[in-house]
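Chemist: the amino acid sequence is not available; the structure is as follows:
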């Protein structure tokens, strides 16, 4: 059935976003690079593989615990390159600013972008600024696109997944969205939850350098771990089982979610990576991750299974199995 | 003096945009690639030169005579690559959509993007979709970033300009902004002015293939010809004199501008290029341009002069000279 209007769910990163991609963008734009639907386009050039990605950021509020839209925009695009096995090198910065926006806030945001870029070893090399009238945007929106190079002969695609592969998450999940929820709803919580926003390239690089048998990586942003895992096995002939007990989620995040009816497995992280690795290399990958500050709480949370194909199951704490679907509708808009 | 707020003039492409770039973006982001301030970042990689650019589009109305925001976004980014001497290859498409936007309109826009990309021989290979609430954006904003390769040993920079170089424009100027003015103000004009929105890569390619002594190229978008020429000689030790009689502007555009007090020399084109070429190759460049449908009205409009350095003079129809500054303030917001 044709849809009449774009709804917030189309921007959730979950089921409706995927439908929009499948029913419109892939139908119209279809080409071999786009159709791979990876976090970055992987371009095979005469000279080698280049990764190219884009991400617009509309997070609300613009400043949130531990970070702001500027560092989020830089780290988010770095991560989309890094999870494809690329070394992120160059970013663009395109601003859409609402008339009347504070110049001092713009300075803070630009400085955060540069600090994040420098910390991750990338350069912001080109940009664009548009200003729209009062009420025609909400403060500031930032697009960062990025280019990286892929120096190794790696092939990270869902087609590589095989039964027995292990699933690792690099640390506590859901902290970015939890921080945004807390800031947006002005909740009277005792423990301040800070966003986990961070660049993942230095965490991922040693996994590549050690030539582990990596199958697939993704940063679980919009839609969280549950949606990311569904993307991994969607239309594949393998499934996933993850074990609730093993999934690192802080009590503060659980405590925020419970009264609100949010499921932490669907909350966005902005500084975590989900890695699928061949079973022979799982412990080595875990050990490499744990030796990095961003990966010290990494854990093996589950594995690729032959059954049920295309589905993600959660083995609960009481030993039952629950089907984890992709995020439907949306929990909170404008989290990134 | 520190500015307190972002105003529409900061997005005009003129003086205030340049100040924002100089006082903030260049100060904070400074690196050798960014500092060149070209339409695309020119990245010298081990394998050759890559051009990388970004542009957000916020044009209002979204649909306008001859085109819409989708084809504008594709052609605009193609042109930013082409004027740097690059062969445009890959684009990204990042959408920020206001909740409630018509799905049918989105389909039209996406189809226009693909049609424009195909016509120009480029591929849209990656994308992103964000949805914001009603009243938090104005319909749809589109960012297109792009990658191209530079196969020739060319160096198009203001530093290359020399007294005697000829300035060519590829056709009638200001038609894009005139079309937007007409659509926005709902003017009772007899002659419909259509946007000149077009991809310039096929027009520019033969100039590169013929290895003409090209010095600098730019598409005169926001701020028009006058602003583009000011960018060419800003802080250089050469100036520019252009001859009013030689500048191709249609009577319909003049007729629209006069009662509104707009100067056509400051109106944006979206399918024209301003080229500076060594005098020995000027006629050849003109002849190559005129053999292409997009360049049939090309004209030599002036030249690089040793005096006055850094300034642009217009020789008027009555033989006097008028100083043409960069656009200050803005004429009409959200033209691209």
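Modeler: Thanks, I have the structure now. Being a predicted model, the structure only gives us computed values, none of them experimental. Numbers count the residues shown, from 1 in each chain, chains lettered A, B, ... in the order given.

Chemist: what's the neighbour count on residue A:57?
Modeler: 24 (other Cβ atoms under 10 Å in any protein chain shown). The way it works is simple: take the backbone N, C-alpha and C, and place the C-beta from them, glycine included.

Chemist: could you do residue A:30 as well?
Modeler: When neighbours are counted by other Cβ under 10 Å, residue A:30 registers 12.

Chemist: what's the answer for the one 4 residues further on, then?
Modeler: The local packing of residue A:34 (other Cβ under 10 Å) involves 21 other residues.

Chemist: hmm, who's touching the helix or strand containing it?
Modeler: If you go by DSSP states H and E, residue A:34 is part of helix A:32-35. Helix A:32-35 has contacts (Cβ atoms under 8 Å, 6 or more residues apart in numbering or on different chains) with A:25-26, A:41-43, B:90, B:123-127.

Chemist: any chance of CSV for those residues, columns neighbour count and distance to residue B:109?
Modeler: Formatted as CSV, these follow (neighbours: other Cβ atoms under 10 Å in any protein chain shown; distance: Cβ to Cβ, whole Å):
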residue, neighbour count, distance to residue B:109
A:25, 21, 11
A:26, 15, 16
A:41, 25, 20
A:42, 23, 26
A:43, 19, 25
B:90, 25, 20
B:123, 20, 18
B:124, 26, 12
B:125, 26, 18
B:126, 29, 17
B:127, 26, 13
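
Chemist: kindly reformat the residues you listed as JSON lines and extend each row with distance to residue A:209 and pLDDT.
Modeler: What follows is these, written out as JSON lines (distance: Cβ to Cβ, whole Å; pLDDT from 0 to 100):
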{"residue": "A:25", "distance to residue A:209": "34", "pLDDT": "96"}
{"residue": "A:26", "distance to residue A:209": "34", "pLDDT": "95"}
{"residue": "A:41", "distance to residue A:209": "24", "pLDDT": "96"}
{"residue": "A:42", "distance to residue A:209": "19", "pLDDT": "95"}
{"residue": "A:43", "distance to residue A:209": "23", "pLDDT": "94"}
{"residue": "B:90", "distance to residue A:209": "28", "pLDDT": "98"}
{"residue": "B:123", "distance to residue A:209": "31", "pLDDT": "98"}
{"residue": "B:124", "distance to residue A:209": "33", "pLDDT": "98"}
{"residue": "B:125", "distance to residue A:209": "27", "pLDDT": "97"}
{"residue": "B:126", "distance to residue A:209": "26", "pLDDT": "97"}
{"residue": "B:127", "distance to residue A:209": "31", "pLDDT": "97"}
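
Chemist: which among the residues you listed gets closest to residue B:253?
Modeler: The nearest member of the contacts of helix A:32-35 to residue B:253, counting by Cβ to Cβ, is residue B:124 at 31.6 Å.

Chemist: now the element after the longest helix along chain A, going C-ward?
Modeler: What stands out as the longest helix in chain A, according to DSSP state H, is helix A:103-120. Once helix A:103-120 ends, the next helix or strand along the chain (criterion: DSSP H and E) is strand A:123-132.

Chemist: from the contact counts, what lies against the longest helix of chain A?
Modeler: Contacts defined by 3 or more Cβ pairs under 8 Å, 6 or more residues apart in numbering or on different chains; DSSP states H and E place helix A:103-120 against strand A:67-68, helix A:69-82, strand A:87-98, strand A:123-132, strand A:140-150, helix B:26-29.

Chemist: one more time with 7 Å, if that's ok
Modeler: In this structure, helix A:103-120 makes packing contacts with strand A:67-68, helix A:69-82, strand A:87-98, strand A:123-132, helix B:26-29, judged by 3 or more Cβ pairs under 7 Å, 6 or more residues apart in numbering or on different chains; DSSP states H and E.

Chemist: direction included, what does the third one pair up with?
Modeler: Looking at strand A:87-98 with DSSP bridges, its partner strands are strand A:123-132 (parallel), strand A:140-150 (antiparallel).

Chemist: next, the angle helix A:69-82 makes with it.
Modeler: Angle of strand A:87-98 versus helix A:69-82, following axes from the mean of the first three to the mean of the last three Cα atoms, to 10 degrees, is 140 degrees.

Chemist: angle of strand A:87-98 against helix A:103-120?
Modeler: 170 degrees.

Chemist: related to what we said a few turns ago, any idea which helix or strand comes after the helix holding residue A:34?
Modeler: Helix A:32-35 is succeeded, C-terminally, by strand A:41-45 (DSSP H and E).

Chemist: how far does that following strand sit from its chain's centre?
Modeler: Strand A:41-45 sits 21 Å away from the centroid of its parent chain (Cα atoms, centre = their mean, to the nearest Å).

Chemist: now swap in stretch A:70-77 and tell me
Modeler: 11 Å.

Chemist: is that stretch in proximity to chain B?
Modeler: No. For a cut-off given as Cβ under 7 Å from any Cβ of the partner chain, stretch A:70-77 has no contacts with chain B; the smallest distance is 9.7 Å.

Chemist: got a list of what residue A:132 touches?
Modeler: Shown in contact with residue A:132 (Cβ atoms under 7 Å, 6 or more residues apart in numbering or on different chains): A:96, A:98-99, B:58, B:138, B:334.

Chemist: of all those, which comes closest to residue A:147?
Modeler: Nearest to residue A:147, judged by Cβ to Cβ, of the contacts of residue A:132 is residue A:96 at 21.5 Å.

Chemist: tell me the pLDDT of the closest one.
Modeler: We have a pLDDT of 98 for residue A:96.

Chemist: list the beta-bridge partners for it.
Modeler: Beta-bridge partners of residue A:96, as defined by DSSP bridges: residue A:130, residue A:141.

Chemist: show me what contacts it?
Modeler: Counting by Cβ under 7 Å, 6+ apart, residue A:96 touches A:130, A:132, A:137, A:141, B:56, B:58, B:141.

Chemist: try it again at 6 Å.
Modeler: Contact analysis of residue A:96 by Cβ atoms under 6 Å, 6 or more residues apart in numbering or on different chains lists A:130, A:137, A:141, B:56, B:141.

Chemist: one more: residue A:72?
Modeler: Applying Cβ under 6 Å, 6+ apart, the residues near residue A:72 are A:57, A:59, A:197.

Chemist: tell me the most buried of the helices and strands packed on helix A:103-120?
Modeler: Looking across these with neighbours counted as mean count of other Cβ atoms under 10 Å in any protein chain shown, the highest average goes to helix A:69-82: a mean of 29.

Chemist: which of the contacts of residue A:132 sits closest to residue B:323?
Modeler: Relative to residue B:323, the closest of those is residue B:334; by Cβ to Cβ it sits at 28.2 Å.

Chemist: count of neighbours near that closest one?
Modeler: By other Cβ under 10 Å, the residues close to residue B:334 number 21.

Chemist: who's the closest spatial neighbour of it, skipping the chain neighbours?
Modeler: residue B:60 (4.3 Å; Cβ to Cβ, 6 or more residues apart in numbering or on different chains).

Chemist: which other helices and strands contact the lowest-mean-pLDDT helix or strand in chain A?
Modeler: The helix or strand of chain A with the lowest confidence, counting by mean pLDDT, DSSP states H and E, is strand A:41-45 at a mean of 91. If you count contacts as 3 or more Cβ pairs under 6 Å, 6 or more residues apart in numbering or on different chains; DSSP states H and E, strand A:41-45 packs onto strand A:48-57.
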